[in-house]
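[1] need a structure here:
(chains A and B)
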Amino acid sequence: MAYDLTGLQTATDIGGIITWANAQTEGALIGLFILAFGIILFFGFKRYEPIDAFLAASWISFILSVVALSVGWVNSLIMFGFLAVAGITLFIKFWKEGY
Amino acid sequence: MPERISTFIIASIFATLLISSGVWVLSDIAQNNPTAISPTDLELFNNSFNRQAELEGSIGGIRTNIEDTQPEFGLFGGLNALVNVAWTGLKGIFKSFSFVGSAFTNLAYYFGIPVFIFNLLTLIIIVIFAFTIYSAIFQRDI
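    This is a model prediction of the structure:
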């Protein structure tokens, strides 16, 4: 696969390089960044129950990916993934713990 | 760890609420920025996850069943009368949900709140009432 390096050559700062790399990978760079952030968030919520932490992390990641999508930074697939994960986690949480 | 039928249905309602709200946010973004998300993707995701109408239909069935049931006639007339009164009251509770539902829908229209939120919240109340009654009748945790 050949990359179009024009954007990289004209980039003047780190932001330009990241924007170029993200455009070349069709949003996978920022998408994976949000995924990594979600995983870190999950481990960061270690004082809470794992299912609560997972639900919060996936929902926050979904909101972040929605914001990134609205400016065209990520692929819509990753956002649908976060939404589905959040929904299924909530289902399991209520089923196991009751109301 | 309950794992009862009622919690299963309520869990479905909560999951539908969360996913519907997510799809609602997405459709709002898609409307403002059509290039951000393809309508085909959104439609596919809706088909697989947004089961709000089916859920409403099935829980409406639970409500209608309770509204249409008649109490059994036993040996003692006085007790029968008491049971009848209680049962009519119970059916009244369930019939009032239709009114609450329409009130919520119209309020949602005026305040610009999505209707699915109120619909699903009303469904949760119906399910809790219905399964409380079932538990009381069958003397079992369902």
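
[2] Tell me which residues are up against stretch B:34-44.
    Residues outside stretch B:34-44 that contact it (CB atoms under 8 Å, 6 or more residues apart in numbering or on different chains) are A:69, A:70, A:72, A:76, A:77, A:80, B:23, B:26, B:27, B:29, B:30. Where C-beta positions appear, they are placed from N, C-alpha and C, glycine not excepted.

[3] ugh, wrong one, stretch A:75-95
    A:26-28, A:31, A:34-35, A:38, A:51-52, A:54-55, A:58-59, A:61-62, A:65-66, A:69, B:2-3, B:7-8, B:10-12, B:14-16, B:18-19, B:22-23, B:26, B:36-38, B:41, B:45, B:49.

[4] try 7 Å this time
    Stretch A:75-95 is contacted from outside by A:26-28, A:31, A:34-35, A:51, A:54-55, A:58-59, A:61-62, A:65-66, A:69, B:3, B:7-8, B:10-12, B:14-15, B:18-19, B:22, B:37-38, B:41, B:45, B:49, using CB atoms under 7 Å, 6 or more residues apart in numbering or on different chains.

[5] Can I get that stretch as PDB, trimmed to CA atoms?
    What follows is stretch A:75-95, C-alpha atoms only, in PDB (Å, rounded to 0.1, in the frame of the first residue of the first chain):
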ATOM      1  CA  ASN A  75     -14.700   5.700  11.200                       C
ATOM      2  CA  SER A  76     -18.400   5.200  12.200                       C
ATOM      3  CA  LEU A  77     -17.700   1.500  12.800                       C
ATOM      4  CA  ILE A  78     -15.800   2.100  16.100                       C
ATOM      5  CA  MET A  79     -18.500   4.300  17.400                       C
ATOM      6  CA  PHE A  80     -21.200   1.700  16.700                       C
ATOM      7  CA  GLY A  81     -18.900  -0.800  18.400                       C
ATOM      8  CA  PHE A  82     -18.700   1.300  21.600                       C
ATOM      9  CA  LEU A  83     -22.500   1.800  21.600                       C
ATOM     10  CA  ALA A  84     -23.200  -1.900  21.200                       C
ATOM     11  CA  VAL A  85     -20.700  -2.800  24.000                       C
ATOM     12  CA  ALA A  86     -22.300  -0.200  26.300                       C
ATOM     13  CA  GLY A  87     -25.800  -1.500  25.600                       C
ATOM     14  CA  ILE A  88     -24.900  -5.200  26.100                       C
ATOM     15  CA  THR A  89     -23.000  -4.300  29.300                       C
ATOM     16  CA  LEU A  90     -26.000  -2.500  30.700                       C
ATOM     17  CA  PHE A  91     -28.200  -5.400  29.800                       C
ATOM     18  CA  ILE A  92     -25.900  -7.900  31.700                       C
ATOM     19  CA  LYS A  93     -25.600  -5.500  34.600                       C
ATOM     20  CA  PHE A  94     -29.400  -5.300  35.100                       C
ATOM     21  CA  TRP A  95     -29.900  -8.900  34.500                       C
END
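
[6] This completes my enquiry, with thanks.
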